[in-house]
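Chemist: what would the 3D arrangement of this be:
(4 chains)
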There are 2 protein chains.
Amino acid sequence: MPKSTTRTYSRYSRTAAALLGVLIREARTEKKLTAQELAERAGISRGLLQRIEKGNLKCEIGAVFEVAAIVGIKLFDADERRLTKYQRETEDKLTLLPKSVRKPTKAVHDDF
Amino acid sequence: MPKSTTRTYSRYSRTAAALLGVLIREARTEKKLTAQELAERAGISRGLLQRIEKGNLKCEIGAVFEVAAIVGIKLFDADERRLTKYQRETEDKLTLLPKSVRKPTKAVHDDF
DNA sequence: CTATTATGCACTCTCTATGAATCATTTATA
DNA sequence: TATAAATGATTCATAGAGAGTGCATAATAG
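Modeler: Numbers count the residues shown, from 1 in each chain, chains lettered A, B, ... in the order given. Coordinates of the predicted model:
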């Protein structure tokens, strides 16, 4: 990233990430997995898992999803089958929508 | 990151990210926002938004959540109030669980 | 059909998130 | 209670994510 980015996040995003973090922590504990074990299974470092469990928003989404999937947290509350089906349906709807969004030209001629 | 990481993702994670991407794209189109506009509102670049809409797993989760929130995609199917409530409840449950996971020592003495 | 705008893609440069390693602290169990 | 293990916290080097840019192409308003 060029320049300093110091992103600012909405409260909603922060809360969502924090929630996902504690859900993961809870599921991991219930499954009796150590941080090290879960990290290894997910192919990430223990440090990254720590940040994920703390709800850090700068983690890559792939790592977070991977960990969540391993401990059994259903994203979108759906298993893979439903996820795929839902994705197809959404893609279908997308083809019906305009492929690019045009802003109306200011010359609206509402000045009679 | 040290060493080459070339992470590998499960199908579930890939599908989930892809779904989130098309949902965002759909919502953006319905709200008649250009990629540039949405990116600006989220405080990210258009390039990053493109990757998010394509379901790229290497984007930072904060950016994805931020964009999703802006176009009105409810994460965990919950508004901020419910999200916060749910988070508190989960944190409470967490305090009841052991704070660290111990693996049983192999000396189980099941060798009579 | 045409003009104009949005999107897709590729490139460079910069900065930072990640993996690894280490130490301090907390915690479960034998 | 003693003690080995798990977690928390910090540091460091670096691979690679993200911003910015330009251009080709697609797509829509008029």
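
Chemist: okay, CA-based contacts and neighbour counts for the rest of this
Modeler: Noted.

Chemist: mind listing what's buried along the longest helix seen in chain A?
Modeler: Counting residues, the longest helix found in chain A (DSSP state H) is helix A:11-30. For helix A:11-30, the buried set under the neighbour-count rule, 16 or more other C-alpha atoms under 10 Å in any protein chain shown, comprises A:12-29.

Chemist: what about that helix and chain B, any contact?
Modeler: Yes. With C-alpha under 8 Å from any C-alpha of the partner chain as the criterion, chain B is reached by helix A:11-30 at A:12-19, A:22-23, A:25-26, A:29-30.

Chemist: and which of those residues is nearest to DNA strand D?
Modeler: Ranked by distance to DNA strand D (C-alpha to the nearest atom of the strand), the residues of helix A:11-30 next to chain B are led by A:Thr29 at 6.8 Å.

Chemist: for the closest one, which non-adjacent residue is closest in space?
Modeler: Leaving aside its sequence neighbours, A:Thr29 sits nearest to B:Val101 (C-alpha to C-alpha, 6 or more residues apart in numbering or on different chains; 6.4 Å).

Chemist: okay, now that neighbour: neighbour count?
Modeler: 15 (other C-alpha atoms under 10 Å in any protein chain shown).

Chemist: repeat that for A:Asp77.
Modeler: 11.

Chemist: tell me the spacing between it and A:Arg28.
Modeler: Applying C-alpha to C-alpha, to the nearest Å, the value for A:Asp77 to A:Arg28 is 18 Å.

Chemist: who does the longest helix of chain A touch, helix- and strand-wise?
Modeler: helix A:46-53, helix B:61-70, helix B:80-96 (3 or more C-alpha pairs under 8 Å, 6 or more residues apart in numbering or on different chains; DSSP states H and E).

Chemist: is DNA strand C within reach of that helix?
Modeler: No. Applying C-alpha under 7 Å from any atom of the strand, one finds helix A:11-30 separated from DNA strand C by no less than 10.2 Å.

Chemist: name the residues that touch that helix?
Modeler: A:34-35, A:38, A:52-57, A:67-68, A:71-73, B:62, B:65-66, B:69, B:75-76, B:80, B:83-84, B:86-87, B:90-91, B:93-94, B:97-98, B:100-101 (C-alpha atoms under 8 Å, 6 or more residues apart in numbering or on different chains).

Chemist: can you narrow those down to the ones near DNA strand D?
Modeler: Contacts with DNA strand D within the contacts of helix A:11-30, as defined by C-alpha under 7 Å from any atom of the strand: A:Thr34, A:Ala35, B:Ser100, B:Val101.

Chemist: just the buried residues of the residues you listed.
Modeler: A:Thr34, A:Ala35.

Chemist: among the ones next to DNA strand D among the contacts of helix A:11-30, which ones are in helices?
Modeler: A:Ala35.

Chemist: for DNA strand C, what are the nearby residues on chain A?
Modeler: Counting by C-alpha under 7 Å from any atom of the strand, the residues of chain A near DNA strand C are A:1-6, A:43-48, A:51, A:58-60, A:63, A:99-103, A:105.
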